[in-house]
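A.B. asks: fold the stuff below for me.
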Amino acid sequence: MPSTKISQKRLKAIVFTDIAGFTKLSAQDEQKALDLIQKQNELIKPIVERYNGKWLKEIGDGLLLSFDSSLDAVQCCTQIQDSLRNEDHINLRIGIHQGDIFIKDGDVYGDDVNVASRIEPFSAVGGIAISDKVQRDISSTPEISTKYIGKPQLKGVSQKVELYCITSHNLPETKLSEVSAKLEKKINWFRYVISAAVFFALITYYFLPKEKEVPSVGILMMENLGIDDDNFWSRGITEDLIVKVASAGLIRVAPIKEILQIDMQNSFKEIAKKLRVKYLLTSSMHKKEERFELRCQLIEVESGLSTYANKWNQSINSAALIVDILGNNILKSLDIEIASSQNDLIQINAEAYEFYLRGKYKYEMSEDVNDTKISRGLLKKAISLDSNLISARNVLGWTYYRTSRYDSAKVIYEDALNLADKLGDTYQISRLLNNIGLIYAKKHDYSKALNNYNRSLQIKIELDDRRGIGIILNNMGNIYRDKADYTKSMQCYNRSLKIQERLDNKQKMRTPLNNIGINLLTRGNYKDALKSFNRSLQIYENLGYKWDMNWVLNKIGYAYLQIGDYENAVDYFEKSISTANDIGLGSSSLLEPTIYLFLSNKYMDKQNNLENLYKLLKETKNIGYEVNFHLFELLSDIIYIEQAFNQVQEIALTLELDKRKIFFHNPIPKAIVEEWEKLNDSTSL
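C.D. replies: Coordinates of the predicted model:
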């Protein structure tokens with residue numbers, strides 16, 4: 001009868017090894033896999049003996065070893081990895097921990113053995129992961145360097161462990177993006193600070209250290225295998241899927257504008273490099289009468305391995321579920337936590353969903369104002385068929401907001417918000433609160449704007465939606481700018497920009513870049529403003545954006561105008577006007593570049609045909625103080641300087657006393673006051 005005696009516990013350095021890719025190899029060629037294990041053992045045993053290690057156990061393709069000291073274990077394992085560099089298929093992951101072991105009937109037990117076994121998966125292939133106990137033991141050894149990984153979530157282990165990887169000896173580092181889902185989440189201090197001081201909490205939070213990488217995926221345009229008239233389905237599903245996955249927060253998703261520029265004739269590696277992503281999703285749909293035939297595959301590009309694939313049929317009556325089903329499966333495959341608000345699958349009227357996708361497609365592809373009107377009709381039809389279709393209401397409201405019809409947009413958004421509250425759709429609640437905040441900002445009701453932004457921010461924080469947090473930070477920066485608090489404003493914009501840069505979201509980077517430029521223009525720092533606007537313009541051109549490009553062209557021209565480079569100014573104003581005309585923008589988009597173009601011509605002693613300018617003035621409402629001032633410079637009509645003076649006085653009354661002084665120190669308000677006072681002095685004489 002075998003002995004059941006348990007040895008005394010012994011403090012040891014415990015090593016676990018595992019051959020990466022062994023399971024796949026075993027399935028392909030079992031004999032080759034067995035030969036590989038034998039070869040591994042023959043190569044490793046002499047090295048283990050050289051460092052006085054104990055060969056405790058073989059577990060499949062893995063090994064359990066022990067050493068009398070952590071240093072012996074680490075030196076042995078670095079030697080093992082070095083010796084295996086040129087060996088085909090023997091690619092080891094190694095984990096090392098220090099603790100007590102017990103031996104019973106020739107087997108090894110103990111909590112520390114379990115810890116060691118769970119550390120090994122945190123190693124890079126060809127690398128070594130170690131616990132904090134081992135790290136402390138080897139910290140005084142100069143030839144060994146390490147890097148902190150984090151605190152792992154170890155099932156079945158009671159003790160707290162911190163992990164490091166060895167970075168010396170030409171060993172590969174553990175990629176945080178590959179193990180972050182298995183690490184404890186860092187405390188998000190945002191959750192405890194939502195108040196009047198929320199801005200400062202945001203600043204503090206984003207100065208905390210963050211992982212260098214987040215999971216990244218490019219969701220390629222869904223291929224339509226049916227007729228061309230069904231393109232709106234593939235485009236709409238792709239775009240909604242991108243929003244769905246991106247809203248999870250802890251993932252970077254290439255925006256639709258970048259996806260549209262992809263040449264599908266290129267290899268997956270070339271496409272992934274252009275999109276700066278690790279994973280690609282390919283998919284196709286074929287609409288056949290009352291159903292869709294769907295296929296998809298999520299590919300880890302570097303290895304070429306499929307991490308998720310599916311082929312299924314979906315009834316047209318449940319077409320709206322395609323995005324939810326596919327999005328949730330992508331997130332699960334990438335170990336991204338799905339917020340409860342995203343997990344709910346809501347049945348949507350099939351006909352309404354089709355009108356919604358058609359309307360959104362028409363708006364996204366619109367080239368003129370008439371296209372926008374058609375898109376609104378389709379979206380209204382969708383809402384009439386399914387009043388719970390909040391996405392359609394949101395897009396409809398945005399078509400009015402983008403054309404400065406703020407009151408119409410506000411009614412649509414508020415109705416949608418009430419509906420979202422009833423349905424408990426937190427994601428849409430957050431989007432709508434932000435959009436309502438934008439409208440209050442346009443109306444200069446800063447208190448209500450900030451209130452809506454803060455409510456939206458709470459939800460973004462709960463969802464850990466970093467992209468969304470960046471957007472709201474930018475919007476808050478606009479409020480502080482309007483309140484003449486340029487320091488807070490610039491801090492908000494820079495924080496927003498850094499978040500989008502960290503996520504490599506060029507589509508969203510352009511907005512804080514534009515606002516940084518506006519801040520600099522307002523303060524008279526024209527050269528730095530040019531740098532910011534030119535960087536933004538490059539993004540517009542790379543993404544193929546037409547909408548709003550006329551705006552940034554106009555701002556670049558304005559900066560050149562202010563520094564006296566009139567030839568460059570004229571060039572950009574003409575480009576701005578041409579772009580606005582190409583896409584059918586209204587007089588409000590044409591007025592500023594036309595005024596500034598004529599002003600530049602005036603300074604170069606060139607003649608202007610003012611007929612078109614007077615026409616634009618009749619068609620444009622709500623002209624700002626800057627434009628009125630430059631109209632006075634151009635036309636020498638006192639009415640414009642009077643309007644500008646009254647406007648800056650009204651703005652000043654909304655500001656705190658210390659901010660009024662700052663506001664009037666800005667170049668344009670200062671010039672307005674000086675010109676007005678000169679006119680009054682000359683009149684009194």
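A.B. asks: who's in contact with Y545?
C.D. replies: By C-beta atoms under 8 Å, 6 or more residues apart in numbering, the contact list for Y545 reads 257, 539. The C-beta positions use only the backbone N, C-alpha and C, and glycine is treated the same way.
A.B. asks: make that T307, sorry
C.D. replies: With C-beta under 8 Å, 6+ apart, T307 has these contacts: 279, 298-300, 333-334.
A.B. asks: so it is in which element?
C.D. replies: Using DSSP states H and E, T307 sits within strand 305-315.
A.B. asks: quick one, helices of the stretch 151-300 of the chain?
C.D. replies: 176-179, 198-207, 231-246, 256-260, 268-275 (DSSP state H, counting those that start in this stretch).
A.B. asks: now the fourth one: buried residues?
C.D. replies: Under the neighbour-count criterion of 16 or more other C-beta atoms under 10 Å, helix 256-260 has 256-259 buried.
A.B. asks: nearest to D421, of those residues?
C.D. replies: Nearest to D421, judged by C-beta to C-beta, of the buried residues of helix 256-260 is I256 at 28.5 Å.
A.B. asks: just confirm that closest one contacts I237, I think it does.
C.D. replies: No. Taking contacts as C-beta atoms under 8 Å, I256 lies outside contact range of I237: 11.5 Å.
A.B. asks: can you point out the buried residues in the one helix or strand I103 maps to?
C.D. replies: Following DSSP H and E, one finds I103 within strand 92-104. By neighbour count with 16+ other C-beta under 10 Å, strand 92-104 contains the buried residues 92-99, 101-103.
A.B. asks: tell me which of these has the lowest pLDDT.
C.D. replies: Within these, pLDDT reaches its minimum at I103, with 72.
A.B. asks: separation between that residue and R660?
C.D. replies: I103 is 80 Å from R660, where distance means C-beta to C-beta, to the nearest Å.
A.B. asks: do the same with K360
C.D. replies: Distance from K360 to R660, by C-beta to C-beta: 44 Å.
A.B. asks: ok, now T23?
C.D. replies: The value you get for T23 to R660, if C-beta to C-beta is used, is 71 Å.
A.B. asks: more neighbours: those two, which one.
C.D. replies: Using other C-beta atoms under 10 Å, the more surrounded residue of T23 and R660 is R660, with 18 against 12.
A.B. asks: quick one: contacts for D230?
C.D. replies: 224, 285, 287.
A.B. asks: pick the most buried one from the helices of the stretch 151-300 of the chain.
C.D. replies: helix 231-246 (a mean of 21; mean count of other C-beta atoms under 10 Å).
A.B. asks: for that one, what is the average pLDDT?
C.D. replies: The model assigns helix 231-246 a mean pLDDT of 89.
A.B. asks: tabulate the CA atom coordinates of that helix in PDB.
C.D. replies: Extracted in PDB, the C-alpha atoms of helix 231-246 (Å, rounded to 0.1, in the frame of the first residue of the first chain):
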ATOM      1  CA  ASN A 231     -26.200  48.500 -50.500                       C
ATOM      2  CA  PHE A 232     -27.900  50.600 -47.800                       C
ATOM      3  CA  TRP A 233     -28.300  47.400 -45.800                       C
ATOM      4  CA  SER A 234     -24.600  46.500 -45.800                       C
ATOM      5  CA  ARG A 235     -23.600  50.100 -45.300                       C
ATOM      6  CA  GLY A 236     -26.100  50.700 -42.400                       C
ATOM      7  CA  ILE A 237     -25.300  47.500 -40.600                       C
ATOM      8  CA  THR A 238     -21.600  48.000 -40.900                       C
ATOM      9  CA  GLU A 239     -21.900  51.600 -39.500                       C
ATOM     10  CA  ASP A 240     -24.200  50.600 -36.700                       C
ATOM     11  CA  LEU A 241     -21.900  47.700 -35.900                       C
ATOM     12  CA  ILE A 242     -18.900  50.000 -35.600                       C
ATOM     13  CA  VAL A 243     -20.800  52.300 -33.200                       C
ATOM     14  CA  LYS A 244     -22.000  49.200 -31.200                       C
ATOM     15  CA  VAL A 245     -18.500  47.800 -30.700                       C
ATOM     16  CA  ALA A 246     -16.800  51.200 -30.200                       C
END
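A.B. asks: hmm, who's touching it?
C.D. replies: By C-beta under 8 Å, 6+ apart, helix 231-246 touches 217, 219-224, 251-256, 259, 283, 285, 287, 292, 319, 322-324, 326-327, 330-331, 342, 354, 356-358, 360-361, 364, 391, 467.
A.B. asks: how about the nearest residue to E354, chain neighbours excluded?
C.D. replies: Here the nearest residue to E354 in space, its sequence neighbours aside, is A319; by C-beta to C-beta, 6 or more residues apart in numbering that works out to 7.4 Å.
A.B. asks: please report phi then psi for that neighbour.
C.D. replies: phi -60, psi -30 (degrees, to the nearest 10).
A.B. asks: nearest to L84 among the contacts of D230?
C.D. replies: Distances from L84 to those, taken by C-beta to C-beta, are shortest for M285, at 46.0 Å.
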